[in-house]
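Colleague: After the sequence you'll find the predicted model.
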Amino acid sequence: MDKHIQEVREFKRTLVFTGALRAAHWLRAAAITVLLISGFYLAWPFLVAPENSDVLVQGWIRFGHLIAGFLLCAVTAVRTYLFFFSRYDVERRSVRDLFSLKSWIAQLKSYFWIGQLKKAGVYGPLQLLVYTGIAVASIFICITGLTLYAQVYHLGMGGMLSDFAAWITSVMGGLASVRLWHHYVAWVFIVFLVLHIYMAVWTGIRFKHNSVEVIVSGYDYHRH
Ligand code: HEM
């Protein structure tokens, strides 16, 4: 038999991420990319001269920001639900490692090329902690985004949210600080994206398991 075919047969295939988790990942990735680009444009609308009365560019970019923003709100809600209540418990199993000092030490050592990373679920403890942080940042940026939205759109959903938005605005000390914090937290996503992509590629090379591939096809191919 051809040597390469034989080698391929020695690999085991394991399902890591279901279709729902993969869809949520890529919808979030797309929404965050659009939100970062459009958000920073909204903060500094360099295409329109200050004295110009043509604000259509700003309007369309704000429209794109809101569409992607509502998408992020929806995916964040579904994703939070799935983490806690999905029948597939590959993510929840990682919580055990988060509270185990042994798992933390094993993970940190494995980053220095000492030993292997043995995990109860799909994530290592540091990874789960960072993802939890990103989930909290997503909820925060959705709440502040909806608060900014409700200031301008008083009908429909904006109207429904108006009491909640007024409460958030007063808790945060005014609309200017809601806007500022929405802007600051945008940077959390930039820092995360750089580290996340680097770590996804590095993990695949370091541990010889599929890493980027699992979030595309759902499957990890590895030796027995
Ligand atoms: C990763 C997610 C997000 C990022 C990176 C982001 C980024 C930004 C940035 C940088 C600004 C400009 C703030 C400034 O004026 O300095 C902004 C404004 C705004 N964002 Fe977001 N945002 C996100 C999510 C959302 C969500 C979920 C919503 C609501 C559904 C939202 C609604 C708004 C609104 C209404 C404004 C004000 C627009 C204006 O002043 O015309 N954003 N966003």
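Modeller: Received, thanks.

Colleague: Can you get me a residue count around Thr111?
Modeller: One correction, residue 111 is Tyr, not Thr. By the criterion of other Cβ atoms under 10 Å, Tyr111 has 14 neighbours. Using the backbone N, CA and C atoms, a C-beta is placed for each residue, glycine as well.

Colleague: do you know how far it is from Phe99?
Modeller: Noted for Tyr111: a distance of 19 Å to Phe99, by Cβ to Cβ, to the nearest Å.

Colleague: do you know how far Phe189 is from Leu36?
Modeller: Applying Cβ to Cβ to Phe189 and Leu36 gives a distance of 6 Å.

Colleague: Likewise for Arg62?
Modeller: In this structure, Arg62 and Leu36 are 14 Å apart, going by Cβ to Cβ.

Colleague: hey, where'd the strands end up in the protein?
Modeller: Along the chain, the stretches classed as strands by DSSP state E are 11-15, 219-223.

Colleague: Single out the most deeply packed of those strands.
Modeller: strand 219-223 (a mean of 14; mean count of other Cβ atoms under 10 Å).

Colleague: Mind giving me the packing neighbours of that one?
Modeller: Packed against strand 219-223 by the contact rule (3 or more Cβ pairs under 8 Å, 6 or more residues apart in numbering; DSSP states H and E) you find strand 11-15.

Colleague: as a whole number, average confidence for the strand it packs on?
Modeller: Averaging pLDDT along strand 11-15 gives 84.

Colleague: now could you export just the CA positions of it as CSV?
Modeller: Extracted as CSV, the C-alpha positions of strand 11-15 are listed here (Å, rounded to 0.1, in the frame of the first residue of the first chain):
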residue,chain,number,x,y,z
PHE,A,11,-4.7,9.0,12.4
LYS,A,12,-7.8,9.1,14.6
ARG,A,13,-10.6,11.5,13.9
THR,A,14,-12.4,13.1,16.9
LEU,A,15,-15.3,15.6,16.8
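
Colleague: Direction-wise, compare that strand with strand 219-223 and give the angle.
Modeller: 150 degrees (axes from the mean of the first three to the mean of the last three Cα atoms, to 10 degrees).

Colleague: got a list of contacts for strand 11-15?
Modeller: Residues from elsewhere that reach strand 11-15 (Cβ atoms under 8 Å, 6 or more residues apart in numbering): Gly218, Tyr219, Asp220, Tyr221, His222, Arg223, His224.

Colleague: for the spatially closest residue to the fifth one that is not a sequence neighbour, phi and psi?
Modeller: Pointing back at His222 there. Distances taken as Cβ to Cβ, 6 or more residues apart in numbering place His209 nearest to His222, at 4.9 Å, with adjacent residues excluded. Here is the backbone geometry of His209 (degrees, to the nearest 10): phi -120, psi 150.

Colleague: quick one: pLDDT of His209?
Modeller: The model's pLDDT for His209 equals 80.

Colleague: Could you shift the numbering so residue one becomes 20, and keep it that way?
Modeller: Will do, 20 is the new start, and the previous item becomes His228.
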